[in-house]
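Novice: pasted the sequence and its predicted model underneath.
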Amino acid sequence: MTQKQSILGRISQLARANVNALLDRAEDPQKMLDQLVRDYTNSIAEAEQAIAQTIGNLRLAEQDYNEDVASVQEWGGKAVAASRKGDEYRTRGDAVNADKFDKLAKVALRKQLDAETEVRQAQPMIESQRDTVEKLKSGLAMMKDKLGELKSRRDSLVARQKSAQAQQTVQGAISSINVLDPTSELSRFEDAVRREEALAMGQAEIAASSLDAQFAELEASDADIELEARLAALKAGSAPAPQIAPTTVTSDEGREGQTSPSQTTTSEW
């Protein structure tokens, strides 16, 4: 029983130590899990070796036990044979040989008693070792099941890690796209175009103002020319005709603003 606890305890401590060491190092998850699988596999191999040795010791003990049981039967048979032979000699009156064989019977019985003692002492130890071996086999089977579960979870965790890394890559690409959003370039280009359009409108307005000034200057020049012409006409003794269209008023049938050729009056200067 102590041997079983020692083997399982050592394997358990080894597995915990490997797990804790890997977690403390915080290595790459996939490498960490692969190393954990290797360490656990090695622990199982060590457990198999230790259990095999325990089973071998049990088989040797069982062989010794069976030999002791056979010795009990053998020495018992020899004791019976020696006792019978002594009885035969005693019946014949040969006390010397009778005592001789009786002593041999006692020796055989002593050997039988020793063998029986070995059997009694070995029996509980063998039963305990058998129980230990069965529990070790059960524990080894559980460790192998755990190894299978560990490998399965390792594959699942590695797949999840790769998926997370892929998502991070996609998110990083999306972030880069947001930073270099082409619509922001279009917005800046649109602002530049609007500024150019505003400049063109300003230039057009300035040009229009200059053109209006030129036309105003031209109109002022024409007015000055007309004024000089009229002054010259006055100096020459003739008044220039005013540039005003005649107005005709009629009261025919209460209508106003109508003109006819016969009712038109022309006034001249």
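Specialist: Thanks, I have the structure now.
Novice: name the nearest residue to G76, sequence neighbours excluded.
Specialist: Take G76 and drop its neighbours on the chain: the residue closest to it by CB to CB, 6 or more residues apart in numbering is Q112, 5.0 Å away. C-betas here are computed from N, CA, C, even on glycine.
Novice: tell me how many other residues crowd the one you found.
Specialist: Residues lying near Q112 (other CB atoms under 10 Å) number 19.
Novice: state the pLDDT value of it.
Specialist: Model confidence at Q112, expressed as pLDDT, equals 91.
Novice: OK, contacts around it?
Specialist: Counting by CB atoms under 8 Å, 6 or more residues apart in numbering, Q112 touches S71, V72, W75, G76, A79.
Novice: those in helices, which ones?
Specialist: The helices, defined by DSSP state H, take in S71, V72, W75, G76, A79 from the contacts of Q112.
Novice: for these, give me JSON lines that also has neighbour count, pLDDT and distance to K144.
Specialist: Converted to JSON lines, the ones in helices among the contacts of Q112 look like this (neighbours: other CB atoms under 10 Å; pLDDT from 0 to 100; distance: CB to CB, whole Å):
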{"residue": "S71", "neighbour count": "17", "pLDDT": "92", "distance to K144": "41"}
{"residue": "V72", "neighbour count": "19", "pLDDT": "92", "distance to K144": "41"}
{"residue": "W75", "neighbour count": "20", "pLDDT": "92", "distance to K144": "46"}
{"residue": "G76", "neighbour count": "17", "pLDDT": "92", "distance to K144": "47"}
{"residue": "A79", "neighbour count": "20", "pLDDT": "91", "distance to K144": "52"}
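Novice: closest one to F189 out of these, please.
Specialist: Nearest to F189 among those is S71, at 108.3 Å by CB to CB.
Novice: that older thread, redo the contacts of Q112 as CSV? Include distance to R230.
Specialist: Shown next, in CSV, are the contacts of Q112 (distance: CB to CB, whole Å):
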residue, distance to R230
S71, 169
V72, 169
W75, 174
G76, 175
A79, 180
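Novice: which single one of the residues you listed is nearest to D131?
Specialist: Nearest member of the contacts of Q112 to D131, counting by CB to CB, is V72, at 24.4 Å.
Novice: wait, the closest one touches D114, no?
Specialist: No - look at V72 against D114 with CB atoms under 8 Å: they stay out of range, at 9.1 Å.
Novice: so T41 touches L147, yeah?
Specialist: Yes - here T41 lies in contact with L147, judged by CB under 8 Å, at a distance of 6.4 Å.
Novice: so which strand or helix has the residue nearest to G76?
Specialist: Per DSSP states H and E, Q112 falls inside helix 95-179.
Novice: phi, psi for R92 please.
Specialist: Here is the backbone geometry of R92 (degrees, to the nearest 10): phi -80, psi -10.
Novice: list the contacts of D64.
Specialist: Contact analysis of D64 by CB under 8 Å, 6+ apart lists E118, A122.
Novice: try it again at 7 Å.
Specialist: By CB atoms under 7 Å, 6 or more residues apart in numbering, the contact list for D64 reads A122.
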